[in-house]
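[1] Quick check, what structure comes out for this input:
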Amino acid sequence: MRNVIFTTTVALLTIAALPLHAWSNHFLFYRPAIEAMPEVAAAPKVKVESFEEFLLKEKDGLIALLTQVENEARTTYAKSAPQPAELAFKGGDAATIRVNFLKAIRINPGTPLGYFIQQLPDKPLIRARANANLVTLFGEKELVGRYEMYAIDKGDMVAPLDVLATAGDEPDFGFDINLFTDNNADFSKNYGFGEQSFGDPKLYYGSQAPFHIGYYHESGIIFFAGSFLKRTYPRYRIHQFMNLARYAFKTGHPYWGYRFLGWGLHYVGDLTQPYHTRVLPTYGTMAMLWINIKAMLGFEQAKTDAVNRISARHTTIEDYHFSVLRNAYIEKKFDHPFIRSVMTTARDKDYGAFDDKFLVDVIAQTSYDISDRLDTLIDQSNLLKGFVKGKLTGEINPPALAELDRLIASHMQNVGPQLRSYIRAGLPTK
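    Residues are numbered from 1 along each chain as shown. Take a look at the predicted model:
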């Protein structure tokens, strides 16, 4: 039995090494979802404040806040990886406080955190294009073809809607890269996360997997075989950034309030992607175990096929969703179901206040529940062969594709209210 569990664990570890973008460019559906919130869409413009200015003004309060946040996380969200005592935030001066803060919240200290706003693809940039190296760790290769960013300056007045929706993509720009001891980064050896729980630590983007995925609803035997699947941290990130947003609003720093809130929003959105809440959609527990038993006996092909199958569908549905949204904006089809559905507020009243239980039992559960149907429709529509380089080909199955579109649109009718529930929880109360 011990050998079976060991082999199952190794195979699950391989299966979990899948693509890491939950949705490719969250902004394209975050913005319309937030536009449906008058408390944000109609809010007065806020002044862009430098990161260092915020930290220096509030360092004493932030010391207390982050101590509280980490104490709460220690017994809940990050109990398998508590913050090392030496990383506790202690303030600093103009030259050191930025890195001290980023290390205290345990994100990659090289993340640029520049000042920029994303623009919808149907509109020209209203300012100079942002320097990609001030947006993302990965430079232009990360932005080209998917993001349109223009630069803003400290002191500018900007719309909260733009700040919040833009910030919703920032965690994909380097926050969670190389945070584990086996990622060969000097800073991460002291971060307390240990070895990477799953995903390939050597692959581009692979190291951020445990921060953007939340497997909360697999069967007990799967968790028994692969306990590392529980070592995920989106709840921890949301807890951090929600508290930082509330603090920034309370202390008179609305620009950073909206930006921190957007950072947390990213991880909420990640858990609305079915392939980020289910290890192997359409594979039952016994099927997963049978694959691993065969691998134990030396027949690796079934495991390889499962990994390749899920990986291809994960990537393809993200690219398809992005391309449909992008084309809808470019063609000014603002009533497209993918846009209209996420703006629909009819279900907002059906959801209660956002908290960690809501995140797991509602948001992640909703995503998990449609994973089998989504995976099946990707197969039935022949999307892997019928959608190539952003365009449909003659190999697509139109009736099944139409059903897939209806499923995505229906899911987005839930995603919109779920995102707005999170945002309302972070906004200042009047």
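[2] Roughly how far does residue 105 sit from residue 57?
    18 Å (CB to CB, to the nearest Å). C-beta here means a position set from N, CA and C on the backbone, and glycine is covered the same way.
[3] ok, those two, which is more surrounded?
    Between residue 105 and residue 57, residue 105 has the larger neighbour count (other CB atoms under 10 Å), namely 20 against 14.
[4] The more buried one touches residue 240, doesn't it?
    Yes - contact status for residue 105 versus residue 240: in contact at 5.7 Å, counting by CB atoms under 8 Å.
[5] Not counting sequence-adjacent ones, nearest residue to residue 65?
    Once flanking residues are discounted, residue 65 sits nearest to residue 247: 5.2 Å by CB to CB, 6 or more residues apart in numbering.
[6] do the same with residue 234
    The nearest residue in space to residue 234 (CB to CB, 6+ apart) is residue 267, at 4.1 Å.
[7] Which helix or strand contains the one you found?
    Using DSSP states H and E, the element containing residue 267 is helix 254-270.
[8] Residue 418 against residue 342, yeah?
    No - Residue 418 is beyond contact range of residue 342, at 10.1 Å (criterion: CB under 8 Å).
[9] Okay, buried residues for the helix or strand where residue 223 lies please.
    Assessed by DSSP H and E, residue 223 sits inside helix 220-225. Buried residues in helix 220-225, counting neighbours by 16 or more other CB atoms under 10 Å, are found at 222, 225.
[10] After it, heading C-terminal, what element do we hit next?
    As assigned by DSSP H and E, the chain's next helix or strand after helix 220-225 is helix 234-250.
[11] okay, and for this structure, where does confidence drop off?
    For the chain, the stretches with pLDDT under 70 are 1-21, 202, 204, 292, 295-296, 299, 430.
[12] Grab the nearest non-local neighbour of residue 339.
    Leaving out its chain neighbours, the residue that sits closest to residue 339 by CB to CB, 6+ apart is residue 32, at 5.2 Å.
[13] Wait, a strand at that neighbour?
    No - counting by DSSP: H, G, I helix; E, B strand; the rest coil, residue 32 is located in no strand; its state is helix.
[14] how about it, what does it touch?
    Going by CB atoms under 8 Å, 6 or more residues apart in numbering, residue 32 touches 339, 342-343.
[15] From residue 317, how far off is it?
    19 Å.
[16] can you confirm residue 335 is in a strand?
    No - in this structure, residue 335 is coil, not part of a strand, as judged by three-state DSSP.
[17] What is the burial count for it?
    Applying other CB under 10 Å, we find 9 residues neighbouring residue 335.
[18] ditto for residue 157
    Neighbours of residue 157 (other CB under 10 Å): 11.
[19] Not counting its neighbours along the chain, what's nearest it?
    Leaving out its chain neighbours, the residue that sits closest to residue 157 by CB to CB, 6+ apart is residue 45, at 4.1 Å.
[20] now the contacts of residue 32 as CSV including distance to residue 274 and secondary structure?
    As requested, the contacts of residue 32 are arranged in CSV below (distance: CB to CB, whole Å; DSSP: H, G, I helix; E, B strand; the rest coil):
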residue, distance to residue 274, secondary structure
339, 20, helix
342, 16, helix
343, 21, helix
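[21] Can you pull the phi and psi angles for residue 149?
    Backbone torsions of residue 149, given as degrees, to the nearest 10, read phi -120, psi 140.
[22] picking up where we left off before, relative to residue 263, how far out is the residue nearest to residue 157?
    Taken as CB to CB, the span from residue 45 to residue 263 is 20 Å.
[23] And for residue 423?
    In terms of CB to CB, residue 423 sits 12 Å off from residue 263.
[24] Residue 74 too?
    Distance, residue 74 to residue 263, using CB to CB: 21 Å.
[25] Which of the two has more residues huddled nearby?
    Applying other CB under 10 Å to residue 74 and residue 263 shows that residue 263 carries more neighbours, namely 24 against 13.
[26] In this structure that one contacts residue 170, no?
    Yes - in this structure, residue 263 is within contact of residue 170 by CB under 8 Å, at 5.8 Å.
[27] what residues are up against residue 264?
    237-238, 240-242, 245, 422, 426 are the contacts of residue 264 under CB under 8 Å, 6+ apart.
[28] Please disregard the earlier target; I meant residue 332.
    residue 122 are the contacts of residue 332 under CB under 8 Å, 6+ apart.
[29] give me the element it is part of.
    Residue 332 belongs to no helix or strand, assigned by DSSP H and E.
[30] Now the phi/psi pair for it, please.
    With angles defined as degrees, to the nearest 10, residue 332 sits at phi 60, psi 40.
[31] Would you check how far apart it and residue 342 are?
    17 Å.
[32] rewinding a little: following the helix holding residue 267, which helix or strand comes up?
    By DSSP H and E, the next helix or strand past helix 254-270 is helix 285-296.
[33] And the strands in the chain?
    46-47, 116-118, 149-151, 157-158, 387-388, 391-392 (DSSP state E).
[34] That concludes my questions; thank you for your assistance.
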